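# Structure, please.
(chains A, B, C and D)
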There are 4 protein chains.
Amino acid sequence: MSTFKPQVANFEARVRKSFDRQPMMHTIGASLARIEPGEVEMGMPIAVQFCQQHGFVHAGIVTTLADTACGYAAFSLMPASAGVLTTEFKVNLLAPAAGERLIAVGRVVKPGRTLTVTQGEVHAESEGKRKLVAIITATLMAVEGRDDVKD
Amino acid sequence: MSTFKPQVANFEARVRKSFDRQPMMHTIGASLARIEPGEVEMGMPIAVQFCQQHGFVHAGIVTTLADTACGYAAFSLMPASAGVLTTEFKVNLLAPAAGERLIAVGRVVKPGRTLTVTQGEVHAESEGKRKLVAIITATLMAVEGRDDVKD
Amino acid sequence: MSTFKPQVANFEARVRKSFDRQPMMHTIGASLARIEPGEVEMGMPIAVQFCQQHGFVHAGIVTTLADTACGYAAFSLMPASAGVLTTEFKVNLLAPAAGERLIAVGRVVKPGRTLTVTQGEVHAESEGKRKLVAIITATLMAVEGRDDVKD
Amino acid sequence: MSTFKPQVANFEARVRKSFDRQPMMHTIGASLARIEPGEVEMGMPIAVQFCQQHGFVHAGIVTTLADTACGYAAFSLMPASAGVLTTEFKVNLLAPAAGERLIAVGRVVKPGRTLTVTQGEVHAESEGKRKLVAIITATLMAVEGRDDVKD
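Numbers count the residues shown, from 1 in each chain, chains lettered A, B, ... in the order given. You can find the predicted model right below:
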C-alpha cells in the first residue's frame, strides 16, 4: 500500500535488528508483523501486569506500542547513517484497551531529512473482533553522527 | 504550592488506594512521593528491561509515569463518585532518559466537572543531578456511573 | 465515503447556518465545499493579510480552517440540542502554506456523547497542484443546556 | 525571570523587525509587550471579525497569538543566521475567549540547535480581570541556509 521508496535496500532487516535490541519489546512480548517502506505493524498480547486500576492496558503501554510502530515506520525510510529518536507525540485514547491482543500500525505521512511525521492507530482484539482504542501522531528525528543513537 | 480545594477529605488515601490497585505501577516499581490537591509526584528506578535500543528508557514508559502523575493530580480534585480516565495527552521528549531514577510531577491547570487539563514534567536523576527529559499536557475525564471505572 | 449516521435529518443545513454566523469565516473568505455525516470540506483563498514574515499563510490561519472543518464534521453528527466547542487540537505543519487556495478536510474518527475525536488535513493549491501542508487531530465537545453555545 | 543567554546581542530588535514584517500581526492588531531572552509577551484587542458563531474569539486566532509568542520566544535565542518555522503545536482551550483583549506569553522550555520546545498561555482580559483561556506547547525549528526563511 505504501508508496515511499526506502533509501536502504535492507530496510526490513535493519528494523528487525533494531527491534530485537530493545529490551522493552521483549518485556511486553511485542512482535513485528509487517514491515513495508514507511509502514510498520506490530502486536503484543494483553497481560495483567501492564494494566491500570480498571483492568485496561495502561495508556503508557498503548503508547509504547504506537510510538514504536511509528518510529520504525519512519526509520524504514531513513539513510543507513541515521539513528531514530522520537521528539514528540500526541495520543488520543478512544476506548478502553481490553481483550487478548493489541495491534498497532504506524505510517509515514511526511518523510524529511531531519523530521519525519507519522500517524498510527492501535486496535484491541477480543474474541476475533478488532476495536480502535487509540490514535497517535508522532514526530521522529533522524540523528546523524551520534555514537549512542545509531539505529 | 497548590491552591485547589479537594472535594473529598481523604483525597490522598483515595489516590494511594487506586495507585496500589494498578499492576502496571508494581511492574515498573513506581512509588508515590507526594500527593497534594491537584499535584502529584511519583518516581521509579530506571531498569534495563524498560529501555529501548539505545539504552534510554522507552518513551512509552516515560509517558506511563507522566500520564499517571497527571491522572492522579486530576483525580485528587474529583468527587467521590467519579472514576478517572485519560482522554488524550501530548508528550515532548527533550533529552534521553538515562540515569538511576525517573521523577514525574503532574499538576492540574484547569479542573472541570467533566474534563480536567493537566501539565507535568519528567526528570531523570543521575549521580545526584536532575535533568528535564519530558513534558506532558494531558486531559482527564471524570467518569460517573460506570461500574468498571470507579477510581 | 462516510459511514456515520447523523442524528438530525437536516445536519447539512444546520452546519451551513452555524458557519454563516461565524464572522471569522467571512473575514478569511472561507466557504463550505462538502458536508457529509462526519466529514466536512472547506476552502479559502490565500491572501497576503493572513501571511507571516516569510510570505506563507500563518499557522494560526491554517489552524482556523482545519479546526473549523473538524468542528463541523463533529457537529454534523451531534443531536439537535447540542452546541459544539473545541477542547483541544494538535497540528503538524508539514510544508509552507503558499499558492492560491487552502482546502481543509475534517473527519470524525470516533463520535461520542460528550467528546468527538476528529482528524483532518490541509492542502495548498498552486497552479492546479495540491500539496499537503498540515494535519490536525482535534477533540470537540457536545455542549448541552448552555444558552451561549447552541450551535 | 528568564535564565537563557541570547546568541545575538540585538535579539529584541531582531524580533521586532520580524514581527513588523508579518501582515497577519497587522491584520489582527497585535503588538509586542515584552521581549526577553526566551520569553515573549504579546497582546491584541478582541474584535468581532475574529469571532466564531458563539461570539468567542475563534480558536485559530487564539492559536495565532499563542504560536507567535512561542515562535518569537524561540527566535530570541537563535543565532543570527537562522530563520524560525513552527513544526507543530498542541493547544488546549480552557475557557471561552471573550472580553476586551487577549494576552499571550510564550516561553522556551528547551532550546536546541535544530528544535526548540516552548510553552505558553493565553489570557482574556475583561473589565480589568484576566482569565486563562488556552495553553500551548509548540516546537520551533531553526532553519539555516534557506533564502525564503530568514527570520
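# Please enumerate the strands of chain A.
Under the criterion DSSP state E, chain A contains strands at A:31-36, A:39-45, A:82-93, A:101-110, A:115-126, A:129-144.
# Would you mind giving those as TSV with mean neighbour count added?
To be clear about C-beta, it is placed using only N, CA and C from the backbone, and glycine gets the same treatment. Below are these laid out as TSV (neighbours: other CB atoms under 10 Å in any protein chain shown):
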stretch	mean neighbour count
strand A:31-36	15
strand A:39-45	22
strand A:82-93	24
strand A:101-110	22
strand A:115-126	23
strand A:129-144	21
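# Throw the ones you listed into JSON lines and include mean pLDDT, thanks.
Compiled in JSON lines, the strands of chain A are given as follows (pLDDT from 0 to 100):
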{"stretch": "strand A:31-36", "mean pLDDT": "98"}
{"stretch": "strand A:39-45", "mean pLDDT": "98"}
{"stretch": "strand A:82-93", "mean pLDDT": "97"}
{"stretch": "strand A:101-110", "mean pLDDT": "98"}
{"stretch": "strand A:115-126", "mean pLDDT": "98"}
{"stretch": "strand A:129-144", "mean pLDDT": "97"}
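# Quick check: residues of chain A near chain C?
For chain A, the contact set with chain C under CB under 8 Å from any CB of the partner chain comprises A:90, A:92, A:94-95, A:109-110, A:117, A:119, A:132, A:135, A:137, A:139.
# what about the longest helix anywhere in chain A, distance to the chain center?
The helix that spans the most residues within chain A, counting by DSSP state H, is helix A:59-75. In terms of CA atoms, centre = their mean, to the nearest Å, the centre of helix A:59-75 is found 3 Å from the chain centre.
# Do that helix and chain D come into contact?
No: judged by CB under 8 Å from any CB, helix A:59-75 makes no contact with chain D; its nearest approach is 13.9 Å.
# and the angle from that helix to strand A:115-126?
130 degrees (axes from the mean of the first three to the mean of the last three CA atoms, to 10 degrees).
# Quick check, A:Ala59 in contact with B:Thr86.
Yes: between A:Ala59 and B:Thr86 there is a contact under CB atoms under 8 Å: 5.0 Å.
# Check the gap between the residue nearest in space to the middle of chain A and chain B for me.
Nearest to the mean C-alpha position of chain A, counting by CA atoms, centre = their mean, stands A:Ala69 at 1.4 Å. According to CB to the nearest CB, to the nearest Å, A:Ala69 and chain B sit 11 Å apart.
# Tell me who's in contact with that residue.
If a contact means CB atoms under 8 Å, 6 or more residues apart in numbering or on different chains, then A:Ala69 has A:40-42, A:104-106, A:120 as its contacts.
# Let me know the pLDDT of A:Ser2.
According to the prediction, A:Ser2 has pLDDT 59.
# what about the closest residue to A:Phe50 other than its chain neighbours, how many neighbours?
Leaving aside its sequence neighbours, A:Phe50 sits nearest to A:Ile61 (CB to CB, 6 or more residues apart in numbering or on different chains; 4.5 Å). By the criterion of other CB atoms under 10 Å in any protein chain shown, A:Ile61 has 31 neighbours.
# Which residues are in contact with A:Ile61?
Going by CB under 8 Å, 6+ apart, A:Ile61 touches A:28, A:50, B:24, B:60, B:64.
# Isn't the last one up against A:Gln52?
No: with contacts defined as CB under 8 Å, B:Thr64 does not count as touching A:Gln52, sitting 9.4 Å away.
# Pick out whichever of those two has more residues nearby.
The neighbour comparison of B:Thr64 against A:Gln52 (other CB under 10 Å) goes to B:Thr64, with 32 against 28.
# thinking again about what came up before, among the contacts of A:Ala69, find me the one that's closest to chain C.
A:Gly120 (11.7 Å; CB to the nearest CB).
# OK, contacts around that closest one?
Counting by CB under 8 Å, 6+ apart, A:Gly120 has contacts A:66, A:69-70, A:73, A:104-107, A:135-136, A:138.
# ok, now with 7 Å
A:Gly120 is in contact with A:66, A:69-70, A:104-107, A:136, counting by CB atoms under 7 Å, 6 or more residues apart in numbering or on different chains.
# Just grab the bridge partners of it for me.
Note on A:Gly120: beta-bridge partners by DSSP bridges are A:Gly106, A:Ile136.
# Touching, A:Ala33 and A:Met42? I think so.
Yes: the pair A:Ala33 and A:Met42 qualifies as a contact (CB atoms under 7 Å) at a distance of 6.0 Å.
# Quick check: bridge partners of the closest residue to A:Arg107 other than its chain neighbours?
The spatially closest residue to A:Arg107, leaving aside those adjacent along the chain, is A:Glu39, at 4.9 Å (CB to CB, 6+ apart). Counting by DSSP bridges, A:Glu39 is bridged to A:Glu36, A:Arg107.
# do you know how far A:Glu39 is from D:Gln52?
Applying CB to CB, to the nearest Å, the value for A:Glu39 to D:Gln52 is 37 Å.
# With distance to B:Pro79 added, can I get the strands of chain A in JSON lines?
Formatted as JSON lines, these follow (distance: least, CB to CB, whole Å):
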{"stretch": "strand A:31-36", "distance to B:Pro79": "42"}
{"stretch": "strand A:39-45", "distance to B:Pro79": "35"}
{"stretch": "strand A:82-93", "distance to B:Pro79": "22"}
{"stretch": "strand A:101-110", "distance to B:Pro79": "32"}
{"stretch": "strand A:115-126", "distance to B:Pro79": "29"}
{"stretch": "strand A:129-144", "distance to B:Pro79": "27"}
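# Pull the number of nearby residues for the nearest residue to A:Gln7 once chain neighbours are set aside.
Spatial nearest neighbour of A:Gln7, excluding adjacent residues (CB to CB, 6+ apart): A:Pro79 at 4.7 Å. Using other CB under 10 Å, A:Pro79 is surrounded by 11 other residues.
# same deal with A:Arg16?
Neighbours around A:Arg16, by other CB under 10 Å: 14.
# My guess is it contacts A:Leu32. True?
Yes: using CB under 7 Å, A:Arg16 makes contact with A:Leu32 at a distance of 6.3 Å.
# Write down the beta-bridge partners of A:Arg130, one by one.
A:Glu125.
# in terms of contact, does it touch A:Val105 like I think?
No: the pair A:Arg130 / A:Val105 is not scored as a contact, 11.2 Å apart, by CB under 7 Å.
# and for B:Thr64 and A:Gln52, which residues touch both?
Jointly contacting B:Thr64 and A:Gln52 under the rule CB under 7 Å, 6+ apart are A:58, B:24.
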